[in-house]
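> Only the shape, not the letters, is given here:
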């Protein structure tokens, strides 16, 4: 799932009408889910969190900034938090299959549009920064709104987008791209905040205060306290210790600024190590806010690997292992559907969530959908699942990175094809609905024709994607027929047959919808692409089944 998280901060935390108006602008964009609105009266600032596909988030971010520029007047703004504009900062964060490069390009597009259409000076920061000296948000915001007019006169501070002059009402905006920040608390079996702080100083990236032989903090020539590396120093980790009366326990509160460098499970183990030095024990941990699915998967894979098991387990098992290994239910229930970003925004899967019996019954009913397309997708997912099973069985006998990697790929392919079970039926329904649109007037006829063409393309794209993913599943079955344990050779053979049937079944669904395209060039291109995929699948299936039959002695 390719998603982007956007966390814009607006310079209004007291006027509920303004806050609600900005929220409404975000919520007006289909496919965007507004997850959190966090206003602060003292800071006079509100942090919004919303998630969605790239294009939808792009539009929602612009509309929110447009609304903020219209409703917030920086000339009268006062608050405790540093700020320089109505939309003070707007970071984009990659989730799922979205890359940092995608978010950098997104930040540039939004920045250009804000500068051109709203006439607001825009500075790019963090990963989106166009100049190294502008990477730090604090450097860009230095002097805040009050120093902005003079700052804009300096050629060194010409904005990346927008006019190089003061917008008195809206100020300036920083737009950037950064990794997901995970707020993560590890709970200790003590009430002593001081001990939690000692642990925090030993694990955080900035280190701990350096002390002399007299026990006092060593200061430099300017009188500032010096630091030294902690005993378990973690990169991309900020930490402090505190006592939570509600829990009756102290916690080490950690902000992980790049979970791909330091994931939660690594922070958990570092706190465990430091706690043991002090005679303490970790009782569990909690995620504050949301967490990316991949961070949870990483924890699950790590736990399984330590047990000598294959880390390429099904996603529910990885989530379960992370949950129990990190003690995520220690102080409050951990609800994956609410706490994991991708789960919180996932569309319902009426077919994918059915029991096998219920799905079979649904297929056998008089309704034309789910039909062959959904069944083909299911066949492909079963093929990938079988290859994953063979990889895991083999790993337990002969652990290795190659088998773990193949197992991981099998789970990715399986998940995409399970999603396609619902996507194919949804595409069919959209085609039916487009065909039912009125066509009494010329305008209605044109609208209907356009909708039918769009729906037809979708009805072709979905099975075409099933062909591609099922071909990947077939390639995995081929790998498992040679690298898998001989005891599971028949399973690899069945995986190959299921994947081949999925490719050919999806091919039929591509071909039956091609006549509906009015563009002959497009139809020819898609026809040839589907033929090529079918040819590759046919040749690979014959190769795999021949190897399997020979090995089985048939």
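That came in fine, so what should we check first? None of the values given here were measured: they were computed from a predicted structure.

> which regions of the stretch 201-350 of the chain sit below the pLDDT cut-off?
Counting by pLDDT under 70, the stretch 201-350 of the chain contains no low-confidence segment.

> all strands in it, in order from the N-terminus.
Taking DSSP state E, counting those that start in this stretch to define them, one finds strands in the stretch 201-350 of the chain at 208-209, 227-228, 237-244, 249-256, 282-288.

> so of the ones you listed, which one's packed in deepest?
strand 249-256 (a mean of 24; mean count of other CB atoms under 10 Å). Where you see a C-beta, it was placed from the backbone N, CA and C, and this is true even at glycine.

> hang on, the earlier thing: any idea which of the strands of the stretch 201-350 of the chain gets closest to residue 404?
Proximity to residue 404 (CB to CB) singles out strand 249-256 among the strands of the stretch 201-350 of the chain, at 24.2 Å.

> which helices and strands sit right next to the closest one?
strand 182-188, helix 193-203, strand 237-244, helix 264-277 (3 or more CB pairs under 8 Å, 6 or more residues apart in numbering; DSSP states H and E).

> most neighbours per residue, which of those?
Per stretch, and counting mean count of other CB under 10 Å, the top mean among the helices and strands packed on strand 249-256 goes to strand 182-188, which has a mean of 24.

> what's the spacing between the residue lying closest to residue 169 once chain neighbours are set aside and residue 340?
Spatial nearest neighbour of residue 169, chain neighbours left out: residue 73 (5.3 Å); criterion: CB to CB, 6 or more residues apart in numbering. Look at residue 73 and residue 340: by CB to CB, to the nearest Å, they are 39 Å apart.

> higher neighbour count, these two?
residue 340 (23 against 15; other CB atoms under 10 Å).

> Tell me what that one is bridged to.
residue 291 (DSSP bridges).

> Isn't it up against residue 294?
No - taking CB atoms under 8 Å as the definition, residue 340 is not a contact partner of residue 294, at 9.8 Å.

> before we move on, what SS does the spatially most central residue of the chain have?
Using CA atoms, centre = their mean, the residue of the chain that lies closest to the mean C-alpha position is residue 95, 2.0 Å off. Using DSSP: H, G, I helix; E, B strand; the rest coil, the structure places residue 95 in strand.

> Check it and give its pLDDT.
pLDDT recorded at residue 95 is 86.

> Now for the residue lying closest to it once chain neighbours are set aside, how many residues are close by?
Closest residue in space to residue 95, ignoring its immediate chain neighbours: residue 3 at 4.1 Å, by CB to CB, 6+ apart. The tally of other residues near residue 3 (other CB under 10 Å) stands at 24.

> so after whichever helix or strand residue 3 is part of, what's the next helix or strand?
Per DSSP states H and E, residue 3 falls inside strand 2-6. As assigned by DSSP H and E, the chain's next helix or strand after strand 2-6 is strand 9-10.

> Low-confidence stretches in the stretch 1-150 of the chain?
Short version for the stretch 1-150 of the chain, where the test is pLDDT under 70: 1.

> switch the cut-off to 50
Of all residues in the stretch 1-150 of the chain, none has pLDDT under 50.

> part of a helix, is residue 149?
Yes - under three-state DSSP, residue 149 falls within a helix.

> surely it meets residue 171?
No - the criterion here is CB under 8 Å, and residue 149 misses it with residue 171 at 9.9 Å.

> Quick check, residue 538 in contact with residue 496.
No - Residue 538 is not in contact with residue 496 according to CB under 8 Å; the separation is 11.5 Å.

> Neighbour count for these two, which is higher?
residue 496 (30 against 14).

> isn't residue 313 right next to residue 322, touching?
No - between residue 313 and residue 322 there is no contact under CB under 8 Å: 10.9 Å.

> ok so, going back, got a list of what the residue nearest to residue 95 touches?
Contact partners of residue 3, counting by CB atoms under 8 Å, 6 or more residues apart in numbering, are 51-53, 95-96, 98, 341-342, 345.

> run the last query once more with 7 Å
Each residue near residue 3 by CB atoms under 7 Å, 6 or more residues apart in numbering is listed here: 51-53, 95-96, 98, 342, 345.

> Residue 103 too?
4, 92-94, 177.

> Most neighbours of all these, which one?
Busiest of the contacts of residue 103 [other CB under 10 Å] is residue 92, holding 29 neighbours.

> Chain neighbours aside, what residue packs nearest to it?
In space, residue 92 is closest to residue 103, 4.2 Å off (CB to CB, 6+ apart).

> Assign a three-state SS to the one you found, would you?
helix.

> what about it, distance to residue 109?
Distance from residue 103 to residue 109, counting by CB to CB: 11 Å.

> Same question for residue 230.
Taken as CB to CB, the span from residue 230 to residue 109 is 41 Å.

> who's more crowded, the two?
Taking other CB under 10 Å, residue 230 and residue 109 do not tie; residue 230 has more neighbours (22 against 16).

> Pull the contacting residues for the nearest residue to that one once chain neighbours are set aside.
In this structure, residue 230 finds its nearest non-sequential neighbour in residue 202, 3.5 Å apart by CB to CB, 6+ apart. Counting by CB under 7 Å, 6+ apart, residue 202 touches 208, 230-232, 274.

> Could you export those residues to a markdown table, including columns for distance to residue 128?
Below are those laid out as a markdown table (distance: CB to CB, whole Å):
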| residue | distance to residue 128 |
| --- | --- |
| 208 | 33 |
| 230 | 31 |
| 231 | 35 |
| 232 | 32 |
| 274 | 35 |
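
> Just give me the closest of the residues you listed to residue 399.
residue 232 (27.6 Å).

> mind listing what that closest one touches?
With the criterion set at CB under 7 Å, 6+ apart, residue 232 makes contact with 202-203, 270, 273-274.
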